Structures are given as C-alpha cells and as structure tokens.
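Asker: model this:
(chains A, B and C)
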Amino acid sequence: MREKDNISVTLLDWYDVHAREMPWRVSPQARRAGRIPDPYAIWMSEIMLQQTTVATVKEYFIRFIARWPEVRDLATAQDADVMAEWAGLGYYARARNLLKCARAVVAEHNGVFPADHAALLKLPGIGPYTAAAVSSIAFDLPHAVLDGNVERVMARLYDLHTPLPDAKPQLMIHAQTHTPSLRAGDYAQAVMDLGATICTPKSPACGICPLQDACTARANGTMAELPKKLPKKAKPVRHGTVYLGQRTDGAWLLETRPEKGLLGGMLGWPGSDWVDVALAHPDSSPPAAGDWTLMAGDVRHTFTHFHLILRVVSAELPQNTTPIAGTFKPRDDFRPSDLPTVMRKAFDLLHTDATPHMTKDGSLL
DNA sequence: AAGCCGGGGGG
DNA sequence: CCCCCAGGCTT
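Answerer: Reported below is the predicted structural model:
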C-alpha cells in the first residue's frame, strides 16, 4: 500500500488526461490558459446536479443558459416559465429556490455571485455541498466537496465501515485532508468524476483506478460493500384519481399546484387526494360537470417515499363549462413537457390508449 | 434527528 | 418488476 499523502497530485494528473467534457466545465487546459469559469453557470449546474446525473442534467442546463444567459435574466423570469422549463427534472423545490437565489444575488450582491463560502451558504438552495462546489469550482477556494461520490471514494480509500450518515463527519475530515490549496476546483471535479466513472457503487473499475495502490478497501477486498448504509424503509402504495378535461376549443383543464408540498408550484391535472391503500378509496368528484370516462389501465409512478397508482378519467367538455377546480389553458399554451413526469404519464395514457375501460355511469366516480 | 422531496438507470 | 442512487429544507 502506498502512502496517502499525494492523493490530490495523483488525482489532478489523472484529471488532466481524463476530464470529461461538460457544457459548464472549463477544462484543466483551458483553466491554465487563463479561462475563468462563469459562477452563474457553475451554480446552475450544481443545483441541477443535486440528486441528478450528469447525463440527465446536460440538456436542461443548455436550455436554461440559452434562455436565461445571466443571473439578471433569470431573476426577472416568470415563475411559471422557470417551473415549466424545469419540468421532468424532479425535486421541484430546487427550481423554486433557483429563482429565489437568482433574485437574492441581484438584490443583495449586485448581481454577482459572492466568492465567499459563508455568503454562498446563506443563499436559498445552497447547502454545504453546493457552497463548497461553487467555492472551489468557480473561485478555486480550497473547500472540500462531500457528495455521494466523494463519500464513496473516501469510505473505500480508508476502508471505513461506519454506516452513512453516521460516517459523514469522518468522511468530511478525509475529504478536507486531501483538498489542495492550489487547483481546488479541478481537484473537486476530479474526485467526483472518479466516483462517477471508476469508483462506482457497483463493480468499481479498480484495475484502472489511479488510486488503486493507495486504496485500503481495495487491499482488503471490501470495496464492493462500501460505503455501508443504514437500512432503508419500505415505500407505501397510495391511490388517487386525475381528471383530464379538454374543452371543445382544445383548451385543457389544469391547475397550478400549491407552492409547498409534493410537486409544489408545478402544473398538474385536477384530482383526488392520494391516500394509502389501507384507507378507503378517495372520494373524488370531477373538476367540472361533464361526461367523464374512466380510461383503461392506470398510471404508476414512484416518488421518493411512496408508490402511486392513479386512475385516469377523461372528458370532452362543452365550450360553456364552468370549472369547479382548475382553469382552462388554451391548447397553444400547453405543452405536455411542462408537466412533472407523473402528470405527463397520465397525458400519455390518454393518447396511447384511447379505448375507454367502461362508460361513465355516475356510480363509477 | 427525522421526514419530505423525483426521476433515471441497472440488474 | 424491484433496487439503487442522493442535497437541502422543514419540522
């Protein structure tokens, strides 16, 4: 086993050769040539990368930057436009905080992201990880990033068997130990790249790992079982009903969900509450009078903490319909891609299987 | 400290 | 189909 005192040098050398291309990334070569990363772009990428893979984020990042090139553009955007652009990316509180943060940077920091870890930490949506990531990647300040990748790399490097999240303080100490005072940004990206591409959760590619000779778990053969985690709890199943109503002129009956809670601030179909299978089926009344039809099949979707099974009920509504819930959105004003995934699945069900399961008879609903 | 928040990819 | 992954906010 080699000593662990030059981990950062080894990783930086590896990163010089193996750094992946990303739309927000300044390559180590470009950085040496004097190119400075755009803190706004780094911040936006890091918010999107919370709980989300690089492959998924790329297209969203490109669209956001094209539409709102600078923080002042985003700060003056309409809430609904930002939420619609975020649709499908998940964890919608991130989008609400993205907007809050952009407005705070304009209002409190003159439109310039502060090159200061403590100041970044005070901004909405920026926690310990993101403050360290922006500090290091955008400003080359020597703050240690500790995301899931770094946790895994450090747990294996030190063969640490303490389960997460109890192990976090120890892992953070190791992460800080290896963070260099020079090239802190490249180092942060290097260690996260390593975790994403080589030191992977399952079947890590130890044979091509630049740290293989320094890795204690590799020496002990325990890398596949690290990091240990506390057991997760089972997800309950909930049931509900959504109503997809389309007026004769093509307008859809939609509602904007409340700011707080599940899918907060997002567009969705009116419907019942979502209740546990053990309870009575939700008493759901349609959002407007009409000839409602239960569609064949159902929508199945899994959220962070429960599985959901939705009945989908549809109707063609007369032009003079007065909604009980929701508002009509003109056909040309509505794109299915503005919906969070579970709501888009309901829309897809309507259009891929247009055969009614049974005709509405009044008692059905 | 524990619970609340999506969605994608892999076995 | 099920399992795994993983930051920040709220309470």
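
Asker: For the stretch 101-250 of chain A, what lies in contact range of DNA strand C?
Answerer: Taking Cβ under 7 Å from any atom of the strand, the part of the stretch 101-250 of chain A that reaches DNA strand C is made up of A:124-131, A:147-149, A:151-152, A:195, A:201, A:229, A:232. C-beta: built from backbone N, CA, C; applies to glycine.

Asker: Just say helix, strand or coil for the residue of the stretch 201-350 of chain A found nearest DNA strand C.
Answerer: Scanning the stretch 201-350 of chain A for the residue nearest DNA strand C gives residue A:201, at 3.8 Å (criterion: Cβ to the nearest atom of the strand). Under DSSP: H, G, I helix; E, B strand; the rest coil, the three-state class of residue A:201 is coil.

Asker: Which residue is the nearest non-sequential neighbour of the residue of the stretch 101-250 of chain A found nearest DNA strand B?
Answerer: The nearest approach of the stretch 101-250 of chain A to DNA strand B comes at residue A:202, 6.0 Å away (Cβ to the nearest atom of the strand). Closest residue to residue A:202 apart from its sequence neighbours, by Cβ to Cβ, 6 or more residues apart in numbering: residue A:224 at 7.3 Å.

Asker: ok now do the one you found, which residues does it touch?
Answerer: Residue A:224 sits next to A:202-204 when contact means Cβ atoms under 8 Å, 6 or more residues apart in numbering.

Asker: what about 10 Å?
Answerer: By Cβ atoms under 10 Å, 6 or more residues apart in numbering, the contact list for residue A:224 reads A:156, A:201-204, A:206, A:217.

Asker: same deal with residue A:82?
Answerer: Under the contact definition (Cβ under 10 Å, 6+ apart), the residues listed for residue A:82 are A:64, A:67-68, A:74, A:95-96, A:98-99, A:102, A:265.

Asker: how does it look with 7 Å?
Answerer: Contacts here follow Cβ atoms under 7 Å, 6 or more residues apart in numbering; on that basis residue A:82 touches A:95, A:98-99.

Asker: which residues sit against stretch A:236-243?
Answerer: Outside stretch A:236-243, the residues that touch it by Cβ under 7 Å, 6+ apart are A:269-277, A:281-282, A:284, A:286-287, A:292, A:306-313, A:346.

Asker: If you average the pLDDT over stretch A:141-161, what comes out?
Answerer: Averaging pLDDT along stretch A:141-161 yields 94.

Asker: Can you check the distance spanned by it, start to finish?
Answerer: With Cα to Cα, to the nearest Å as the measure, stretch A:141-161 spans 30 Å from end to end.

Asker: What score does the residue lying closest to residue A:256 once chain neighbours are set aside have for pLDDT?
Answerer: Computed as Cβ to Cβ, 6+ apart, the closest residue to residue A:256 that is not its neighbour in sequence is residue A:267, at 5.9 Å. At residue A:267 the predicted local confidence, pLDDT, stands at 91.

Asker: Kind regards, and thank you for your time.
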